[in-house]
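# Sequence first, then the predicted structure, then my questions.
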Amino acid sequence: MTRFTVNDRPVQYRMDPETPLLWALRDASNLTGTKYGCGTGDCGACTVDIDGEAVRSCQVTIGKTEGRFVTTIEALSPDRGHPLQQAFAADNVSQCGYCIPGMIMAASVLLRRTNDPSDEEIDAAITNICRCGIYPRLRGAIQRAGRIMRGEDEGSGDQAAAAPPPGIAPEEAAKTVPALGRPGNPRGKRVE
């Protein structure tokens, strides 16, 4: 039996110790924010935080995770209040959104090391692949999250201006942030 901590909760997996962490998280713990992309560690869709390091969960086994602390996107901030989540929403970073959890997890590790990363530091830390090509907005959102963390963004406290406030229901967020509504329905109003 393999034991470690996932999202501040002790877990025990009765699985082969050679099982990739990705599959234990997704299949046994139902933490589906961690995405399967390539299975070779190249794309970064499965990135999680293990003991303060951004790790491709498809490349580490649960046996190698014994006794460690794993954080997935689900625990970063359940109410979307983390500065990265706020900045990504305010800057409309996501397109298809598939790669975003892994990018946010890699960026959160970077911002814990420095809340004022240079473009070069961002490029070195975020090697995740995005097929939609969000890289310029990605870099801007990471820098904005750093400003929020330093108290220098135009938002209030740790909330970005133009992002839905933490704890708001998704349907209410669409009313607050026009980009979250559907085309032809920019304010998220119910269409009968």
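Sure thing, it's come through. Numbers count the residues shown, from 1 in each chain.

# Let me see the ranges of the strands in the protein.
With strands called from DSSP state E, the chain shows them at 2-6, 9-13, 47-50, 53-56, 69-71.

# between the ones you listed, which one is nearest to residue 137?
Closest of these to residue 137 is strand 47-50, at 18.3 Å (criterion: CB to CB). For glycine as for every other residue, the C-beta is placed from the backbone atoms N, C-alpha and C.

# Pretty sure residue 44 sits against residue 57.
No: counting by CB atoms under 8 Å, residue 44 stays clear of residue 57, with 10.1 Å between them.

# Neighbour count: these two, which is higher?
residue 57 (29 against 23; other CB atoms under 10 Å).

# ok, now which ones touch that one?
20-22, 25, 34, 46-48 (CB atoms under 8 Å, 6 or more residues apart in numbering).

# who wins for most neighbours among the residues you listed?
residue 47 (32 neighbours).

# Please name the nearest non-neighbouring residue to that residue.
Nearest in space to residue 47, with sequence neighbours left out and distances taken as CB to CB, 6 or more residues apart in numbering, is residue 102 at 3.7 Å.

# pretty sure the one you found is touching residue 44, no?
Yes: applying CB under 8 Å as the test, residue 102 and residue 44 come out as touching, 4.5 Å apart.

# Now list whatever residues contact both of those two.
Common contacts of residue 102 and residue 44, defined by CB under 8 Å, 6+ apart, comprise 37, 128.

# Near the residue nearest to residue 47, how many other residues are there?
27.

# quick one: it from residue 121, how far?
From residue 102 across to residue 121, the span is 18 Å (CB to CB, to the nearest Å).

# Could you do residue 12 as well?
37 Å.

# Specify which residue of those two has the higher count of neighbours.
A side-by-side neighbour count of residue 12 and residue 121, using other CB under 10 Å, places residue 121 first with 14 against 10.

# Now for that one: which residues touch it?
For residue 121, the contact set (CB under 8 Å, 6+ apart) comprises 110, 114.
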